[in-house]
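**Student:** Task: produce atomic coordinates for the following.
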Amino acid sequence: MATLPTIDHELLRTFVAIVDQGGFTSAAQVVNRTQSAVSMQMKRLEEDVIQRPLFVRQNRQLLLTSEGHTLLGYARKILSLQGEALTLLRQPDMVGRVRLGVPDDYVMRFLPGILKTFSQAWPLVDVEVHCAPSSVLSQQPPDSLDLIIMTREVGDEVGTLLRREPTVWVSAADHATHLQATVPLAMFEAPCFCRRHACNALDRAGKTYRVAYSSPSLATLQAVVGAGLAVSAWMQSLVTPDMLILGKQEGYPTLPEASIVLQRTSNTQSPIIDSLAEHIAEGFR
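**Tutor:** Presented below is the predicted three-dimensional model:
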């Protein structure tokens, strides 16, 4: 099988310049070559590489042939990718790893958009995501993670405040679990201040309950609540469309707000960590 010829990127650069400038003379100035050198490049590209005419003159106007139009699209892509690769690889700071700790509460709701925009800006950076409850993440050894997203009580924020929002009671919209005499609860495992606030609020309201399900995972609690097995309490932004928010009208007391914070735990000075922190802050706005 015959080996296909390669296309010199300088030939492509000159070819694109001719198209953009509308002629050989202007293109020669752009690529810093003489007009005769530009003509020789195109002769080589047409006869030796493509083996098809790329230009045709019509009424003293230089036009592309169908093959020229096809090559133009590929030429722009090739030159763009080459420039992108050189830019990335010549900047060591653009390559590396960042370690992010986050409760699974926020993984599905916020993380996809954050990681998508970050990967577009830093395509060669590896992101290690460690999921654990906030109570566990807050006890991680120094420098084991670079950034941690955590839920904190209002007034006990450590780090950068990302947002503050209400904690709400939730139940399945198509079930009447919240009307039971002894309300079954699905709560985060202790120690969890949301669990403590919820139970204390029910005690003060004189409402009978039992903690029927415990889990460190929001996905588990959502599955239990969605099946109509229990009532729960979590931050309002995490409520899904199939959930019913319960309030005083349904006999459920108001719960305190909670804060989501971003804590930088690594002492390493890195533009990668700085950039991910900025993307996280933007993603939670």
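**Student:** so where do the helices sit in this protein?
**Tutor:** Here the chain has its helices, by DSSP state H, at 9-21, 24-31, 35-44, 66-89, 111-121, 134-137, 193-205, 218-226, 271-283.
**Student:** Now do the longest one against helix 9-21, angle only.
**Tutor:** In this case it means helix 66-89. An angle of 120 degrees separates the directions of helix 66-89 and helix 9-21 when computed by axes from the mean of the first three to the mean of the last three C-alpha atoms, to 10 degrees.
**Student:** Repeat that for the fifth one.
**Tutor:** Going by the same axes, to 10 degrees, helix 111-121 is angled at 100 degrees with respect to helix 9-21.
**Student:** List the neighbours of helix 111-121 that are in contact with it.
**Tutor:** Contacts to helix 111-121, defined as C-beta atoms under 8 Å, 6 or more residues apart in numbering, come from residues V102, V125, V127, V129, S275, L276, H279, I280, E282, G283. C-beta coordinates here come from the backbone N, C-alpha and C atoms, glycine included.
**Student:** among these, which two are most distant?
**Tutor:** Between all members of the contacts of helix 111-121, the longest pairwise span (C-beta to C-beta) is found for V129 and E282 and amounts to 17.7 Å.
**Student:** Distance of L72 relative to E84?
**Tutor:** Distance of L72 to E84, given as C-beta to C-beta, to the nearest Å: 19 Å.
**Student:** Could you do L161 as well?
**Tutor:** According to C-beta to C-beta, L161 and E84 sit 36 Å apart.
**Student:** Just checking: what are the partner strands of the lengthiest strand in the chain?
**Tutor:** If you go by DSSP state E, the chain has its longest strand at strand 160-172. If you go by DSSP bridges, strand 160-172 pairs up with strand 232-235 (antiparallel), strand 243-246 (antiparallel), strand 257-264 (antiparallel).
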